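Asker: Any chance you could fold what I've pasted below:
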Amino acid sequence: MECLNVIKHQSLLKLCFSFIVCTSFTTLSACNRKQSINNLSVTSLDPSNISLEVTILDTGKSDCIFIEIGDKTIMIDTGLDRNGEQILASLHEKGIDHIDYLILTHLDKDHIGGADIILDEIPVDQIIQANYSKDSTQYQEYIDALSRHDITPLLLTQTMNLTINDAQLTLYPAQQTEYEQSNDYSIITSLIYGENSFLFAGDAESQRLTEFLTIYPSTYKFLKIPHHGKDNDVLPLFLNTIKPDYAVITCSEDNAPDQKVISILNQLGTQTLLTSDGAISIKCTENQMSVNQQLTQYISFESN
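Answerer: This next block holds a predicted model:
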C-alpha cells in the first residue's frame with residue numbers, strides 16, 4: 001500500500017518529486033499521512049450521520065472559515081482582498097448561497113479584505129464585528145459594501161450566546177475599548193456540538209489571551225491557533241490551558257509559524273495542521289470528529 005507523506009524543507013526530495021500535487025480530499029487515517037509536525041489520526045464517519053462541518057480555507061496568511069450546522073452557515077473572517085474570488089468559488093463549490101452569520105473577528109486586512117466582494121455576491125443575514133473602526137482601504141471598502149446593501153453590523157460588546165440547531169456558539173468580545181495591538185480586539189468564538197468543542201481565537205495576542213483565560217479557562221478538542229502561530233508572552237500558558245487534541249495554523253510558506261509554538265503543540269501531543277499545506281475539513285457527528293486535508297504541497301510515495 002502506498003502512503004502520502006508531506007515533505008517540507010527537504011530540497012533533495014523536492015527536486016525528485018517537484019510539481020506533484022494531490023488535488024482531492026484524502027481521509028488521512030486511511031493512508032497514515034505523516035505531517036512534518038505531527039501524525040494525524042482520524043475516525044471514519046458515516047456520511048449520513050455528519051451534521052456539522054468546519055472548513056478552513058488555504059488563503060495564505062489570512063483567515064476564512066466556514067461552519068455548516070445543518071441548514072445554517074457561519075463564516076468567520078473573509079481573508080485578504082485577493083482571496084475574495086477564491087472564497088466565493090469555495091462557497092459555490094459547497095453549494096452555499098446564503099450566510100446566516102458573518103463574524104469579523106477584527107478589522108485587519110487579512111481578516112476583512114474579502115468582505116466587500118462576498119457581500120456583493122452572497123446574502124448575509126447578520127454581521128457581527130469587533131467594536132472599533134480602522135483607517136484602512138480594506139475597512140472603507142467593507143463600509144461601502146455595508147452601505148450598498150443596507151446592512152448594519154452588530155458591534156459586539158457583550159458575550160453573545162447562540163443556539164444554532166443543536167450547537168452552541170458563544171462569541172467573546174474584547175473587554176477594553178482600546179488596545180495597543182489591533183489584534184487584541186479579536187472576537188474569540190467557541191463552538192460546542194455534542195462531545196466536540198472548537199475554539200477560534202482570531203489574532204488574539206497577549207492582552208486578549210489573558211482576558212479570555214480569566215473569563216473562560218477551559219480545554220477544547222480543536223483550536224484555531226491565534227495570529228497565524230506567532231509566539232507571544234501568554235501563548236504558552238494559553239496552549240497549556242486549552243490542551244487541544246487538534247490545531248490548525250493559518251499561514252503561508254513565506255510566513256511560517258514560530259518554531260516555539262510548534263514545539264509546545266508537539267509536547268502537548270496536539271495533532272497540528274498548516275493551511276499552507278492545503279484546505280482543512282473537519283466533519284462531526286455528536287460524538288466523533290474526522291479531520292481531513294486537501295494536499296497542495298510536495299508529496300512522496302513510500303511502501304508500507
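
Asker: What segments of the stretch 201-304 of the chain are strands?
Answerer: Counting by DSSP state E, counting those that start in this stretch, one finds strands in the stretch 201-304 of the chain at the ranges 222-224, 246-249, 271-274, 280-284, 289-294, 299-303.

Asker: List just the one of those strands that sits closest to residue 157.
Answerer: strand 222-224 (22.8 Å; CB to CB). Where you see a C-beta, it was placed from the backbone N, CA and C, and this is true even at glycine.

Asker: list the helices and strands the closest one packs on?
Answerer: strand 196-200, strand 246-249 (3 or more CB pairs under 8 Å, 6 or more residues apart in numbering; DSSP states H and E).

Asker: In a helix, residue 161, correct?
Answerer: No - using DSSP: H, G, I helix; E, B strand; the rest coil, the assignment for residue 161 is strand, not a helix.

Asker: Could I get the contacting residues of the closest residue in space to it that isn't next to it in sequence?
Answerer: Using CB to CB, 6 or more residues apart in numbering and skipping residues adjacent in sequence, the residue nearest residue 161 is residue 170, 5.3 Å away. By CB atoms under 8 Å, 6 or more residues apart in numbering, the contact list for residue 170 reads 159, 160, 161, 162, 189, 190, 191, 192.

Asker: secondary structure element for residue 170?
Answerer: strand 167-172 (DSSP states H and E).

Asker: which other helices and strands contact the next helix-or-strand element following that strand?
Answerer: With elements assigned by DSSP H and E, the helix or strand that comes after strand 167-172 is strand 188-193. In this structure, strand 188-193 packs against strand 167-172, strand 196-200, with contacts taken as 3+ CB pairs under 8 Å, 6+ apart.

Asker: The nearest residue to residue 155 once chain neighbours are set aside: neighbour count?
Answerer: Closest residue to residue 155 apart from its sequence neighbours, by CB to CB, 6+ apart: residue 131 at 4.1 Å. By other CB atoms under 10 Å, the residues close to residue 131 number 15.

Asker: Using PyMOL, define a selection of the buried residues within the contacts of residue 170.
Answerer: To isolate the buried ones among the contacts of residue 170 in PyMOL, judged by 16 or more other CB atoms under 10 Å, type:
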select buried, resi 160+162+189+190+191+192
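
Asker: TSV please, covering the contacts of residue 170 and showing pLDDT.
Answerer: Listed next are the contacts of residue 170 as TSV, based on pLDDT from 0 to 100:
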residue	pLDDT
159	98
160	98
161	98
162	98
189	99
190	98
191	98
192	98
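
Asker: Residue 152 touches residue 143, doesn't it?
Answerer: No - with contact defined as CB atoms under 8 Å, residue 152 does not reach residue 143; the gap is 11.3 Å.

Asker: out of the two, which sits in the busier spot?
Answerer: Using other CB under 10 Å as the criterion, residue 152 and residue 143 rank with residue 143 on top: 16 against 9.

Asker: Could you identify the helix or strand that succeeds the helix or strand containing the more buried one?
Answerer: Following DSSP H and E, one finds residue 143 within helix 137-148. Per DSSP H and E, helix 137-148 leads on to strand 154-156 as the next helix or strand towards the C-terminus.

Asker: Of all the helices and strands packed on strand 222-224, which one is nearest residue 281?
Answerer: Of all the helices and strands packed on strand 222-224, strand 246-249 comes closest under CB to CB, at 10.7 Å.

Asker: between the contacts of residue 170, which is nearest residue 220?
Answerer: residue 190 (7.5 Å).

Asker: From residue 176, how far out is that closest one?
Answerer: 20 Å (CB to CB, to the nearest Å).

Asker: now do residue 51
Answerer: Distance from residue 51 to residue 176, by CB to CB: 37 Å.

Asker: between the two, which one's more packed in?
Answerer: residue 51 (17 against 11).

Asker: give the contact list for the closest residue to the more buried one other than its chain neighbours.
Answerer: Once flanking residues are discounted, residue 51 sits nearest to residue 70: 6.0 Å by CB to CB, 6+ apart. Residues in contact with residue 70 (CB under 8 Å, 6+ apart) are 51, 52, 164, 165, 166.

Asker: try it again with 10 Å
Answerer: Contacts for residue 70 (CB atoms under 10 Å, 6 or more residues apart in numbering) come out as 51, 52, 164, 165, 166, 167.

Asker: and the gap between the fourth one and residue 69?
Answerer: In this structure, residue 165 lies at 5 Å from residue 69, with CB to CB as the measure.

Asker: Need the residues touching each of those two.
Answerer: Shared contacts of residue 165 and residue 69, counting by CB under 10 Å, 6+ apart, come down to 51, 52, 193.

Asker: Tally up the residues packed near the last one, please.
Answerer: Other residues within reach of residue 193, judged by other CB under 10 Å, total 23.
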